[in-house]
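**Q** Just need the structure, nothing else, for what follows:
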Amino acid sequence: MKRYTYRQLERSDHENLSRLHQRYLGVERDNAFYEWKYWNNPCGPHGCTVAVENETGDIVGQIGSIPILFRFFGRVFRAFHEVDIVIAERPDRGRLFVATYKNRCDQIKSEDAETRLFFNYAFTIPVTLKITSKLWRVKDVAPAPKMVRILKHAAILRQKLGSSLLSGAGGLLLDGWTGLRHPIVAPRGLDVVETPAFDDSADRFWDRIKDTDEIWTERSKDYLNWRYVQPPHCHNTIFTARAGRELLGYLVIQIQTGKPCKAIIQDFQFLPDRKDAGRALLQRGLRYSAAESAAMVISWTFAHSYTFALLEEFGFVTRETTGRNLVVRNTSEIVNPHIQEPFDVALKPENWHICKGDADDE
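**A** Numbering: from 1, shown residues only. Okay, here's the model as predicted:
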């Protein structure tokens, strides 16, 4: 009798999968989370394989992917973002991973070749890049630097120095200096407001910016609401910049409590010829983050992105060693070894536009 069964994730597996995630990832995930992530995605069915131990019925392995619609040189295709790799610790762990991976490859073969790209993508921190490359045979595309704007220097200095007196005095001086460097200027002719959800203007906005870059996520109203409004496990705050009824840009921020408290820019887009909208959104986002007691604001973006220079203008500093690397896995070799062009194009960083919204949550 075979020890394991490999198959696609089913709704009845949620509680079983939650036990695996809790034990090895240290996170509590309920049915609402899995419904949102794997079943309600507007981009299509999930690509999640699980390994089930036949004797106990326990899920002991998972390789999970969520579909993302990509605008790829003017056409819309589906690719998969590799977000979940969890294998239980046991003597045959390596063979368990390989068998689960092979089953996932069989699922890829069944995908419609006319509507999907022949690559999967993921993000990895530099310390795990070498491991990921060996396991998945992925190619490193480019680093996405971690850009940081410090809002409360005292909190950061206290963490590093361990002295409340020194950190408090130094923090006040630095906070005053950066405040003078980046004063808040009220936008003119723009309405910047907190927005509960994206409306039809988001589709019109996307239609205006979709050709700005060659490879990036299709940001329809349905996708944006699924990604930022509907998640049951976290709260995102959305700011929009408008002129009348038309959307000129948006900023999505998530506050992550802890020591120190951090604000993460999940998504930041604006019309390239309306930098005034981008500046107004950043001003509002920084003010909101400070009011929520965030010690720093963090953003990931490529250096060639049109948002990069604006972030630098607002005092964001690059920390490449704590950033992420975009990696791409060639799946044409699984489906059709003669189709190589999409993968080759995907290895050129200048073709990509990414932001935090393309990745899974922290």
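**Q** In the stretch 101-250 of the chain, what residue spans correspond to strands?
**A** Along the stretch 101-250 of the chain, counting by DSSP state E, counting those that start in this stretch, strands occupy 116-124, 138-150, 191-195, 215-217, 237-243, 246-256.
**Q** Figure out which of the ones you listed is closest to Gln340.
**A** Minimum separation from Gln340 across these (C-beta to C-beta) falls at strand 116-124, 8.1 Å. Any C-beta I mention is one placed from the backbone N, CA and C, and that applies to glycine too.
**Q** That closest one pairs with which strands, parallel or anti?
**A** strand 75-87 (parallel), strand 317-330 (antiparallel) (DSSP bridges).
**Q** can you put those strands in a markdown table and add mean neighbour count?
**A** Listed next are the strands paired with strand 116-124 as a markdown table, based on neighbours: other C-beta atoms under 10 Å:
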| stretch | mean neighbour count |
| --- | --- |
| strand 75-87 | 19 |
| strand 317-330 | 18 |
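**Q** before we move on, back to that, in TSV: the strands of the stretch 101-250 of the chain, plus mean neighbour count, distance to Tyr306 and mean pLDDT.
**A** Formatted as TSV, the strands of the stretch 101-250 of the chain follow (neighbours: other C-beta atoms under 10 Å; distance: least, C-beta to C-beta, whole Å; pLDDT from 0 to 100):
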stretch	mean neighbour count	distance to Tyr306	mean pLDDT
strand 116-124	22	20	84
strand 138-150	20	14	90
strand 191-195	14	19	95
strand 215-217	22	12	93
strand 237-243	20	15	97
strand 246-256	22	11	96
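**Q** Just put those in a markdown table and tack on distance to Ser201.
**A** Output for the strands of the stretch 101-250 of the chain, formatted as a markdown table (distance: least, C-beta to C-beta, whole Å):
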| stretch | distance to Ser201 |
| --- | --- |
| strand 116-124 | 28 |
| strand 138-150 | 28 |
| strand 191-195 | 10 |
| strand 215-217 | 18 |
| strand 237-243 | 7 |
| strand 246-256 | 4 |
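**Q** Low-confidence ranges, the stretch 101-250 of the chain, go.
**A** Within the stretch 101-250 of the chain, the segments meeting pLDDT under 70 span 135, 153-187.
**Q** From Trp352, how far out is Trp216?
**A** Noted for Trp216: a distance of 7 Å to Trp352, by C-beta to C-beta, to the nearest Å.
**Q** again, but for Arg279
**A** 24 Å.
**Q** can you check Lys210 too?
**A** In this view, Lys210 and Trp352 are 14 Å apart by C-beta to C-beta.
**Q** So which of the two has more stuff around it?
**A** With neighbours defined as other C-beta atoms under 10 Å, Lys210 and Trp352 compare such that Trp352 has more, 23 against 15.
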